[in-house]
Structure formats: structure tokens, C-alpha cells
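Novice: Fold the following, please.
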Amino acid sequence: MTEVPTGRPRLIATDLDGTFLGPDHRVSPTNLAAARRAAELGIPFVVATGRPLRWLDVLDELAEAHSKVIVSNGAAVFDLATRSIVRSFPLDAATAIEVADALRDAIPGTTFGFETPTGFGCEPGCPSAERASSGSVMTDLHTLADRIGPVIKLLGYHTDLDSDELADRAFAVVGERLTQTHSIVAGTYGLLELSAPGVTKASTLALLCDELGIGAGEVVAFGDMPNDQAMLAWAGRGYVVANGHASLLRAGFPVVPGNDADGVGLTVLDLLG
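Specialist: Modelled structure (predicted):
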């Protein structure tokens, strides 16, 4: 494990799944204590997740620490206290469809879904269909674009490729038309995540910090997956948990204990003193 430097930050940001949440997908007592300690000291504790806002119930205990949550890989900001979206960064639906059609041609078998600020829609047969809420729309992508409102994330799925393989094959196709990232998901499919150009966890965290008068050098961030890398690189101190993706573990970030050992909470408590 890389030695963790000391020093109290002015803002703490963390990914959720695989990082702040334990293997049981819950907030451990140690991690909750760390978030609450930060709140006592007036230090914002910001969750930055790839999850959409409809999957944030696990964070109800954290509203007192800091109510703003960066969701959908930076594509929106949700306020836990008011239960409202305070900003969003939609992508151009026509561009999303153009990219999806190109990916479908280049990588046969890819299916797609759209995230909106308040909902989800996907093509029939997409692996995420069974996880969709009762209000979700399931139809072809072109129809979805007309029916579900502003799109904040395009999701690509493949049942014969894992997320790394899907991402590697997609980069040349997507180019700079959308921001591409990915994470490893539990299940038997690969997942590709595409946002508007320039939209990442890092870009949205930078906006929140600017509003608070906090510089990048005063931020500590934690993550485990490729969709966290930009945020870890932007923060003054970016840490990867020991169970993180190989690409992050070899990127030179300090390594802290894994999500099964309260790595985020223990490190935060140490930094806060």
C-alpha cells in the first residue's frame, strides 16, 4: 500500500460502489462516522457516482454530511435534502443516436439505453431491462429519444464482451463526439457509459468546488474504476482503493485499503485528525 500523506482537506469526494460502499452495498459504520466527522468540521463530503438518482436510497443517512450528490458520472447534481435536481448536462440526442448506430455497426450485438434526469429507457432485450423501474420506457432507441425527454447518458450493453473489451473496441468509434468511460458491473454483460463532451465526475466536481471557493489542491478524492480516473487526477490528492481496477492501480495513485476494509473511512478519519 502506498503511504498516505496527512493534512486536512477542505472537501472530500468519493465514488460509491466498490469504494465507499462495502461489498454488501451498504455504508459501513466506519465510513458513516467519517462522513459525519467531516460534517462536524464543516468539510463537505461529496458522493460522485455513476448511479442515476433513482438508486440513491442508500445515501439517505448522508444528507447531513453534504446534500449534493454528483450522479450519472457527472451528468447531473442531485440535492438529497430537497430531493431535487439542481443542475444537469444533457447530451445532444441526435449525436447519441448517431454514435449508437455507429457502435452497433462496429460491434454487433450492442444494445442501448438512455438515462434522463428522472428516468430510464432502453431497447428490448438490453441486459438492464430487468432492473428498470416500472415507469421506464422500453422501445427502439430512435423512439426513446422522442419520448423520454432530455438525455444525460447513453448506455451501451454487450452480453459477449466485458466492460474493458467493449470500451477498447468503442474508443475509435466514439471519438470526441461523446465522453466515454466505463466500470465493471456485476453480471454477465459489459457496460459502456457515454456523456456529453467534457462531462465527467471531475468536471462537475470542479464546478461544485468553484461555487464553494475550494481549489483542486484542497480536495481529496477516492475511487476504484475508470470512470473515477479523471476525478482522482483532478483532485489534489486522489486515492484508489485496493480492490480498484487494474488501470487505476497502475496509474500511480496512492492506494488505501479496499472497500471491504473501510479504506475510505479510515483514511478520511486519519486525514481529519
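
Novice: Confirm that Phe78 lies within a strand, as I assumed.
Specialist: Yes. Assessed with DSSP: H, G, I helix; E, B strand; the rest coil, Phe78 lies in a strand.

Novice: Can you read off the pLDDT for it?
Specialist: As predicted, Phe78 sits at a pLDDT of 94.

Novice: Give the residue spans of the protein that score low on pLDDT.
Specialist: Along the chain, the model assigns pLDDT under 70 to residues 1-6, 129-136, 186-187.

Novice: Now do the strands in it.
Specialist: 11-14, 45-48, 68-71, 76-79, 84-88, 111-115, 120-122, 137-138, 153-158, 179-182, 190-195, 219-223, 237-241, 255-256 (DSSP state E).

Novice: Make CSV from the ones you listed and add distance to Leu59 to it.
Specialist: Backbone N, C-alpha and C define where each C-beta goes, glycine included. What follows is these, written out as CSV (distance: least, Cβ to Cβ, whole Å):
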stretch, distance to Leu59
strand 11-14, 11
strand 45-48, 6
strand 68-71, 6
strand 76-79, 9
strand 84-88, 15
strand 111-115, 18
strand 120-122, 19
strand 137-138, 26
strand 153-158, 19
strand 179-182, 21
strand 190-195, 20
strand 219-223, 15
strand 237-241, 18
strand 255-256, 21
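
Novice: most neighbours per residue, which of these?
Specialist: strand 219-223 (a mean of 28; mean count of other Cβ atoms under 10 Å).

Novice: residues in contact with that one?
Specialist: Residues outside strand 219-223 that contact it (Cβ atoms under 8 Å, 6 or more residues apart in numbering): 9-15, 19-20, 48, 205, 209, 228-229, 231-232, 234-241, 244, 248, 256, 263-264, 267-268, 271.

Novice: name the helices or strands packed onto the top helix by length along the chain?
Specialist: If you go by DSSP state H, the chain has its longest helix at helix 93-106. Under the contact definition 3 or more Cβ pairs under 8 Å, 6 or more residues apart in numbering; DSSP states H and E, helix 93-106 sits against strand 111-115, helix 141-147, strand 153-158, helix 163-174, strand 190-195.

Novice: Turn these into TSV, including distance to Val58.
Specialist: Shown next, in TSV, are those (distance: least, Cβ to Cβ, whole Å):
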stretch	distance to Val58
strand 111-115	18
helix 141-147	27
strand 153-158	20
helix 163-174	22
strand 190-195	19
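
Novice: Pro44: which of those is closest?
Specialist: Distance to Pro44, taken as Cβ to Cβ, is lowest for strand 190-195 among the helices and strands packed on helix 93-106, at 23.0 Å.

Novice: Show me what the closest one is packed up against.
Specialist: Using 3+ Cβ pairs under 8 Å, 6+ apart, strand 190-195 sits against helix 93-106, strand 153-158, helix 163-174, strand 179-182.

Novice: Figure out which of the ones you listed is closest to Val86.
Specialist: Once the helices and strands packed on strand 190-195 are compared by Cβ to Cβ, strand 153-158 is nearest, at 17.3 Å.
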